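Colleague: Sequence first, then the predicted structure:
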Amino acid sequence: MSMSGIGWSLLQQGGRQAASLAVFAALSLLLDPSAFGLIAFAQVVIALVTITSELGFGVAIIQRQNVTPAHLSTAFTLNVGLGALLSTATILLAAPLAQLFRKPEAEPLLRGLAAGFVLSSVGMVQSALAQRELRFRDLALRDIAAQVGGGIVAIVLAVRGAGAWSLVAQALVAAGLGSLLLWVRSPWRPRVAEVSATAARELWSYGSRIVGFNFVKFLVQNTDRLTLAYVLDASQFGIYVYSSKLVLQTSSMLSGGIGGYLFPRLAQLQDRAEDAGRLLLRAQRGVLLLLAPVMMIAALLAPALLPRLLGPAWQAGVTVLQVLAAVACLQAVFAPIGELIKAFGQPAWLLRWGILLAAACTAGVAAGSPWGAKGAAAGLLVAHLACLPVLLEVARRLAGTRATAVARAVAPAGLAAATAALPFVAAWAAGLQLSVPMALGAGLVGGTAAATLVVRTLGQDPAVRAFLERRVRRADVA
C-alpha cells in the first residue's frame, strides 16, 4: 500500500471535511437551533446533488481496465446534460418537497441549491481520471481550496445575517471552484466528435448498478434525517443533526480518505484475492486505530462541553452524540468492505447490501423515533449491529477474510479506546464531578496515552516502516 497515496487521500478528505465542519460549527454559533434545522434539511439535498450528478460513470471509469477517449467524452456529455435536467427538476419540486417535510421555509433554499447539479457535473470526468491515475495530491489540493473558498463566503454571509443562505452559497462556491481547479490541473478536454452510444452502454452496464447503490447508500446515510425531518420540529432536528455531524463526519473523513485510495488499489488486485484481503484488514485496522480513541474521548467529553459551548438548548445532543460515536466505529468497519465489493466488479452485491442496510436503518430509526433524537440514534446503532454479520460474510466470500481475522485486526483499536477512557474512569472511581478544565485534562491525558499506543501499533506495520524509511533516505539525500 502506498503511504504517500493514502496520505494525500486522507488529506483530501480531512481538509474538505475539516473546512466543512468548521463552517458548520461557526454557523451553529450564529444561528438558533430552528434556523440550523433548516440548514440541516438543506444538507440532505446537497448530499443528493453529489450522488445524482455523475450517473455512476465516474466509478465505471475508475473500475474499467481499458478506458478510451470515447468513454470520457461520452461520460462528460451525459453528466452535464443530466445536471441541467436535475437542476430544472429541483426548481420545480422545491415547493412540494418543502411541504412534504413540513419545512416551507426551506423552499427557496432548495431552489438556490439547484445550480449545484451543473457545477458538480462538469468536473466529474476529471475527478475520476485523477483517482484512476492515483493523483491524490491534485484531488487534495482541489478539495481543500474549494472548501476553504466556499467556507469563507459562507462565514461572511452568515455574519451579515444571511442565515441559511450562507450554507447554500458555500455549496455552490465549493462545487464551482472545485470543478474549475480540476479543469486547470487536467490536460484532458471533451470532444463532441468522440461521443459514442457504444461507450455509453459500456459505462452504463456497470454505472447503472452503482447509481442504484449510491441512491440506496444515500437513504442509508440519511434515513435518520429523512425520518426526523418529518417527525421533529426544526429546533429538535437541528440538535440531532449537529450531534451526528460532530461524530459521523469524522468517521466519513477517515473512511473516505482511505476509501479514495483503497478502491482503485483493490481494483488492481481483482485477480489476487488473498492480497486484497490483507489490504482490506490493514485498512480496517488503520481507520479504527485513528477513529476509536477520538470517538471515545468525544463521547466522554460531551456531557461537560456540549451544553457549555453551545448553550443549554443543546443538552439533548449529548446522548445522541454518545450513541452515534459507536455507529461511527461500525461504519468504519463497513466502508472498506464496500470498496472491496465495488473493486471486485460486484455492484449487484453492493446494491443488495445497501437495500438491506437501508431497510434495517429505516426500521430502527422509525422504531426509536417516538423517543425523539435519542431513540432514533439507538435504533440506528441496533440496525448497524444487526447487519454487521452479513457484510463480514461478503468480505469472506470475496477476499477470504474471516470474522476472526477482522476481530484481530480491529482489536488494537479497542485497546486504544479503552486507554483513552482510563483517566475518566479513574476520576469517576474517585467520586469526582468533572468540571470543564478537569474533563479537558482527562481528555488530554487519555488522548496522549492512546496516541502513543496508536503510533507504536502503526509502527509495526511493514508498509508504514517502509514509508518512513523512504522519507528518512530522501531527507538524508537532501
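Modeller: Yep, it's here.
Colleague: ok, Phe334 touching Leu391?
Modeller: Yes: if you go by CB atoms under 8 Å, Phe334 and Leu391 touch, sitting 5.8 Å apart. Every C-beta, even on glycine, is put in place using the N, C-alpha and C of the backbone.
Colleague: In this structure Leu78 contacts Phe57, no?
Modeller: Yes: using CB under 8 Å, Leu78 makes contact with Phe57 at a distance of 7.0 Å.
Colleague: Can you pick out the residue with more neighbours from those two?
Modeller: Phe57 (28 against 21; other CB atoms under 10 Å).
Colleague: and that one, what is it in contact with?
Modeller: Listed by CB atoms under 8 Å, 6 or more residues apart in numbering, the contact set of Phe57 reads Ala75, Leu78, Asn79, Met124, Val125, Ala128, Leu203, Trp204, Gly207.
Colleague: do the same with Asp138
Modeller: Residues in contact with Asp138 (CB under 8 Å, 6+ apart) are Ala130, Leu182, Arg185, Ser186.
Colleague: What subset of those residues is buried?
Modeller: Among the contacts of Asp138, the ones that count as buried by 16 or more other CB atoms under 10 Å are Ala130, Leu182, Ser186.
Colleague: and of these, the nearest to Leu269?
Modeller: Nearest to Leu269 out of the buried ones among the contacts of Asp138 is Ala130 (CB to CB; 20.3 Å).
Colleague: State the mean pLDDT of whatever helix or strand the closest one lives in.
Modeller: Assigned by DSSP states H and E, Ala130 belongs to helix 124-132. What helix 124-132 shows for mean pLDDT is 85.
Colleague: cool, stretch 422-440 as well?
Modeller: Stretch 422-440 comes out at a mean pLDDT of 89.
Colleague: Go ahead and name everything in contact with that stretch.
Modeller: By CB under 8 Å, 6+ apart, stretch 422-440 touches Leu300, Leu301, Ala304, Leu305, Arg308, Gly441, Ala442, Gly443, Val445, Gly446, Ala449.
Colleague: Among those residues, which lie within helices?
Modeller: Counting by DSSP state H, the part of the contacts of stretch 422-440 found in helices is Leu300, Leu301, Ala304, Leu305, Arg308, Gly441, Ala442, Gly443, Val445, Gly446, Ala449.
Colleague: Look up how far Leu301 lies from the fifth one.
Modeller: Read that as Arg308. Computed with CB to CB, to the nearest Å, the distance linking Arg308 and Leu301 is 11 Å.
Colleague: Assign a three-state SS to Leu432, would you?
Modeller: coil (DSSP: H, G, I helix; E, B strand; the rest coil).
Colleague: Number of residues surrounding it?
Modeller: Counted with other CB under 10 Å, residues neighbouring Leu432 total 12.
Colleague: Just want the phi and psi numbers for it.
Modeller: With angles defined as degrees, to the nearest 10, Leu432 sits at phi -90, psi 140.
Colleague: start at 607 instead
Modeller: With 607 as the first residue, the last one maps to Leu1038.
Colleague: Distance of it relative to Phe1030?
Modeller: As judged by CB to CB, Leu1038 and Phe1030 stand 10 Å apart.
Colleague: Among the contacts of stretch 1028-1046, which has the minimum pLDDT value?
Modeller: Among those, Arg914 has the weakest pLDDT, 76.
Colleague: and that one, what does it touch?
Modeller: Neighbour list for Arg914: Val1042 [criterion: CB under 8 Å, 6+ apart].
Colleague: could you redo the last one with a cut-off of 10 Å?
Modeller: With contacts defined as CB atoms under 10 Å, 6 or more residues apart in numbering, Arg914 is in contact with Trp920, Gln921, Ser1041, Val1042, Ala1045.
Colleague: picking up where we left off before, by neighbours, which of the contacts of Phe663 wins?
Modeller: Ala681 (29 neighbours).
Colleague: Do I have it right that that one meets Val673?
Modeller: Yes: using CB atoms under 10 Å, Ala681 is in contact with Val673, at 9.4 Å.
Colleague: which residues are in contact with both of the two?
Modeller: Common neighbours of Ala681 and Val673 (CB under 10 Å, 6+ apart) are Ala666, Ile667, Ala734, Ala805, Leu809.
Colleague: Could you report the separation of the fourth one from Ala734?
Modeller: Spelled out, it's Ala805. Distance, Ala805 to Ala734, using CB to CB: 14 Å.
Colleague: which neighbours do those two share?
Modeller: Common neighbours of Ala805 and Ala734 (CB under 10 Å, 6+ apart) are Phe663, Val673, Leu678, Ala681.
Colleague: before we move on, the earlier item: tell me the one of the contacts of Phe663 nearest Phe843?
Modeller: Here the nearest of these to Phe843, counting by CB to CB, is Met730; it sits at 31.2 Å.
Colleague: Distance of the closest one relative to Gln669?
Modeller: To Gln669, Met730 is 15 Å away according to CB to CB.
Colleague: Leu834 too?
Modeller: In terms of CB to CB, Leu834 sits 35 Å off from Gln669.
Colleague: repeat for Leu716
Modeller: Taking CB to CB, one finds Leu716 at 33 Å from Gln669.
Colleague: Next: Val790.
Modeller: Computed with CB to CB, the distance linking Val790 and Gln669 is 26 Å.
Colleague: circling back: out of the shared contacts of Ala681 and Val673, name the ones that lie in strands.
Modeller: Within the shared contacts of Ala681 and Val673, no residue falls in strands by DSSP state E.
Colleague: helices or strands up against the helix holding Ala736?
Modeller: With contacts taken as 3 or more CB pairs under 10 Å, 6 or more residues apart in numbering; DSSP states H and E, helix 730-738 sits against helix 609-636, helix 663-669, helix 675-706, helix 742-765, helix 771-791, helix 840-873.
Colleague: ok now whichever helix or strand comes after the third one, how far from the chain's centre?
Modeller: It refers to helix 675-706. Tracing the chain past helix 675-706, the next element assigned as helix or strand by DSSP H and E is helix 713-719. Its chain's average C-alpha position is 23 Å from that of helix 713-719, according to CA atoms, centre = their mean, to the nearest Å.
Colleague: Might one say that Phe940 is in contact with Leu991?
Modeller: No: using CB under 10 Å, Phe940 is not in contact with Leu991, being 11.4 Å away.
Colleague: ok, the residue positioned nearest the centre of the chain to Ala628 distance?
Modeller: By CA atoms, centre = their mean, the mean C-alpha position of the chain lies nearest to Ser858, the distance being 3.1 Å. Computed as CB to CB, the Ser858 to Ala628 distance reads 15 Å.
Colleague: Point out the least confident one among the shared contacts of Ala805 and Ala734.
Modeller: Per-residue pLDDT puts Phe663 lowest of the shared contacts of Ala805 and Ala734, at 82.
Colleague: Which residues lie in contact with the residue nearest to it when sequence neighbours are not counted in this structure?
Modeller: Nearest residue to Phe663, sequence neighbours excluded (CB to CB, 6 or more residues apart in numbering): Ala681, at 3.9 Å. Going by CB under 10 Å, 6+ apart, Ala681 touches 660-664, 666-667, 673, 727, 730-731, 734, 796, 801, 805-806, 809-810, 813.
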